[in-house]
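1. Give the three-dimensional model of this entry:
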Amino acid sequence: MAKNLSALMLLAAVLTVEIPSFVLGQIVIPGDCPKYPTQPSFNPAQFITTRWYEISRYPSTFEDDTRCSLIDIRPSKQGALKMSFKGISNIDNAVTIAAGNAYFDYGELSKFLVQMPIVSWNATVDIRFWIIATDYTNYALAWSCDPLCTGYRREQLWLLGKQKTLSDTVMNTVTSKFFTNGPFKASNLVPVVQKDCPSIV
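-> Alright, predicted model coming up:
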């Protein structure tokens, strides 16, 4: 029901424009979700034990107008993983938290399926969170693609760092491999401000 609700809302928005790029604070693209390869031999224990800071991202409905954004992925007592998107609101400087339960998608360790409540929609949607690449110590590139109404898909992308900034060497490597010579568009990325950030628990 929730997934159908989100699809219907996006369909209504799509029908108001000819070929949309940004719809309801996210990127909507014509066509089906491509099948990009994910991180080979992914080690989830190395990935989820510490938080990741957002360096840049595609527009995201549950992180709209935030800075100092980070992602925590922790085991929960219910057996699932708890994935929390945290940040500071640019509107009132309050801490914002969007938390959902994450599961391994069909047993593939590099692919998470996150059940994420979207407050503004009054609904919960399933979001894929695939680890395209990571070296575990410096950066990670996470991608999400979800089919919407017929002929359209929603894409999200996060460039993450173990620190609040990436070195020039790491940034140049990631940019060359995944953007300049890869499948993703750097023009869709929005830099995340990580300066003068308060402590976020």
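2. quick one: the helices in this protein?
-> Using DSSP state H, the helices of the chain run over residues 2-14, 44-48, 168-175.
3. ok, the residue lying closest to Tyr103 once chain neighbours are set aside - contacts?
-> Spatial nearest neighbour of Tyr103, excluding adjacent residues (CB to CB, 6 or more residues apart in numbering): Leu113 at 5.1 Å. The C-beta positions use only the backbone N, C-alpha and C, and glycine is treated the same way. With contact set as CB atoms under 8 Å, 6 or more residues apart in numbering, Leu113 has these partners: 102-105, 126-129.
4. and with 10 Å instead?
-> For Leu113, the contacting residues are 80, 100-106, 126-130, 144, by CB atoms under 10 Å, 6 or more residues apart in numbering.
5. Name whatever forms a beta bridge with it.
-> Taking DSSP bridges, one obtains Tyr103, Arg128 as the residues bridged to Leu113.
6. per-residue confidence for it?
-> Leu113 is assigned 93 on the pLDDT scale.
7. what about Thr96, how many neighbours?
-> Close neighbours of Thr96, defined as other CB atoms under 10 Å, add up to 21.
8. Ok, the one 10 residues further on next?
-> Neighbourhood size, Tyr106 [other CB under 10 Å]: 7.
9. In contact with it, which residues?
-> Leu113.
10. can you tell me how far it sits from Ser76?
-> In this view, Tyr106 and Ser76 are 20 Å apart by CB to CB, to the nearest Å.
11. again, but for Phe104
-> Using CB to CB, Phe104 is found at 14 Å from Ser76.
12. One more: Val170?
-> 31 Å.
13. what about Asp92, how many neighbours?
-> When neighbours are defined as other CB under 10 Å, Asp92 has 7 of them.
14. Check Thr173 too.
-> Neighbours of Thr173 under the rule other CB under 10 Å: 15.
15. So it is in contact with Asn181, correct?
-> No - in this structure Thr173 lies outside contact range of Asn181 using CB atoms under 10 Å: 11.1 Å.
16. Touching both of these two, which residues are there?
-> By CB under 10 Å, 6+ apart, no residue touches both Thr173 and Asn181.
17. looking at the helices of the chain, which has the lowest confidence?
-> Among these, helix 2-14 scores lowest, at a mean of 40.
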